[in-house]
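Enquirer: this one's structure only:
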C-alpha cells in the first residue's frame, strides 16, 4: 500500500478519535457547566466534593507509602519468587473495580477477619474508611508498577557510591534515588489521585451509595441518575471532567511522557 495513503489513513483515524472524545466530553460540559454555579451552592454537592477530596487525598498518600516500599523491594532485592509476587500484586489492576469491591466486601463483611476488625472499631463496610480502602486497593498496583519501573531505571551503583561516602541505605535512597525519580513519583501521584477521585465500582460495592455519608462525586452522579435529576448529574459530571482536565494539564507540565516510559500501565 502506498505510504502516503497509509499516512492519510492514520491521520484520519487520529482526527476521528479526537473528535469522538471531544464530542462525548464536550456534550456533558455544554449541558453541565450552566448548572454548576447553582448546584455548587447545594449542601449535597458540597458534601460530595469535600468527601471526594478527603478520601482521594488520604488513599493517595497511603498508596504512596505502601507503593514506594513495595516497588523498592521488587526492584532492588533478590528475593525468591519475586516475579510471582509482582504478578500477584497486579491482580487488582486487571480486575474490574466492581469485582474488587465484591472481594473487599466479602473479606471485611463476612469473614472472621472482618468481624474481628469491626469489634476493634475498624469498620469498612458502608463507611468512609471503606471508601478509602476501596480506592487504595484499586489504585496501589498501578502506582507500584510506575515506581518499580522508575527505580529500576536508576543505576544501583549510584546508591553504592553514596553508601561508600558515608550515607546509610535510607540516606542513599532519599538523597540519590528519590531525586532522580521525582518526576515519575509526581506523575504517578497525579494519576493515582485522579483515579481515586473518580473511583466508583469498588466504592459502591464496599461503602454503598448513602447520601451525606458515603456520597462521593461518582456516587452522587449515580444517585442523581437513579432519581432522574439530570441537571445535578451533568453538574457532577462536569466537575469530574474539569478535575480530570486540570490533572492532565498538571501531569503534562511535570514534563513526564508517562505512558511512553512505563510500558504495561
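Expert: It's in. It should be emphasised that the depicted structure is a prediction, and the values quoted were computed from it without experimental measurement.
Enquirer: Going by C-alpha atoms from here, please, whenever you check contacts or count neighbours.
Expert: Noted.
Enquirer: Can you get me a residue count around the closest residue to residue 107 other than its chain neighbours?
Expert: Distance criterion Cα to Cα, 6 or more residues apart in numbering; nearest residue to residue 107, sequence neighbours excluded, is residue 114 at 6.1 Å. By other Cα atoms under 10 Å, 20 other residues sit near residue 114.
Enquirer: So residue 114 versus residue 162, what's the distance?
Expert: 44 Å (Cα to Cα, to the nearest Å).
Enquirer: before we move on, what about residue 238?
Expert: Distance, residue 238 to residue 162, using Cα to Cα: 49 Å.
Enquirer: higher neighbour count, these two?
Expert: Applying other Cα under 10 Å to residue 238 and residue 162 shows that residue 238 carries more neighbours, namely 24 against 17.
Enquirer: Mind telling me what element the more buried one is part of?
Expert: Per DSSP states H and E, residue 238 falls inside helix 230-253.
Enquirer: And for residue 37?
Expert: Element membership for residue 37 (DSSP H and E) is helix 36-39.
Enquirer: In that helix, which residues are buried?
Expert: Neighbour counts over helix 36-39 (16 or more other Cα atoms under 10 Å) mark 36, 39 as buried.
Enquirer: Distance from that helix to the middle of the chain?
Expert: Chain-centre distance of helix 36-39: 27 Å, with Cα atoms, centre = their mean, to the nearest Å.
Enquirer: The next helix or strand after it - what's its average pLDDT?
Expert: For helix 36-39, the following helix or strand on the C-terminal side (DSSP H and E) is helix 43-76. In this model, helix 43-76 has a mean pLDDT of 93.
Enquirer: One more: stretch 11-24?
Expert: Mean per-residue pLDDT for stretch 11-24: 94.
Enquirer: just stretch 227-238 next, same as before
Expert: The predicted model gives stretch 227-238 an average pLDDT of 86.
Enquirer: Buried residues, it. List them.
Expert: For stretch 227-238, a neighbour-count test (16+ other Cα under 10 Å) marks 231, 232, 233, 234, 235, 236, 237, 238 as buried.
Enquirer: Next: stretch 95-103.
Expert: For stretch 95-103, burial by neighbour count (16+ other Cα under 10 Å) applies to 97, 98, 100, 101, 102, 103.
Enquirer: So which of these sit within strands?
Expert: Of the buried residues of stretch 95-103, none are assigned to strands by DSSP state E.
Enquirer: Take the residues you listed and lay them out in a markdown table including pLDDT and distance to residue 3.
Expert: A markdown table is the format used below for these (pLDDT from 0 to 100; distance: Cα to Cα, whole Å):
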| residue | pLDDT | distance to residue 3 |
| --- | --- | --- |
| 97 | 91 | 42 |
| 98 | 92 | 44 |
| 100 | 93 | 46 |
| 101 | 93 | 48 |
| 102 | 94 | 50 |
| 103 | 94 | 50 |
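Enquirer: Tell me the one of those residues nearest residue 77?
Expert: Each of the buried residues of stretch 95-103 was checked against residue 77 using Cα to Cα; the closest is residue 100, at 28.8 Å.
Enquirer: That closest one reaches residue 139, doesn't it?
Expert: No: taking Cα atoms under 8 Å as the contact criterion, residue 100 and residue 139 are not neighbours in contact, 10.8 Å apart.
Enquirer: sorry, back to before: relative to helix 43-76, how tilted is the helix holding residue 238?
Expert: If you take axes from the mean of the first three to the mean of the last three Cα atoms, to 10 degrees, helix 230-253 sits at 30 degrees to helix 43-76.
Enquirer: helices or strands next to helix 230-253 in the packing?
Expert: Applying 3 or more Cα pairs under 8 Å, 6 or more residues apart in numbering; DSSP states H and E, one finds that helix 230-253 contacts helix 3-32, helix 36-39, helix 182-198, helix 217-227.
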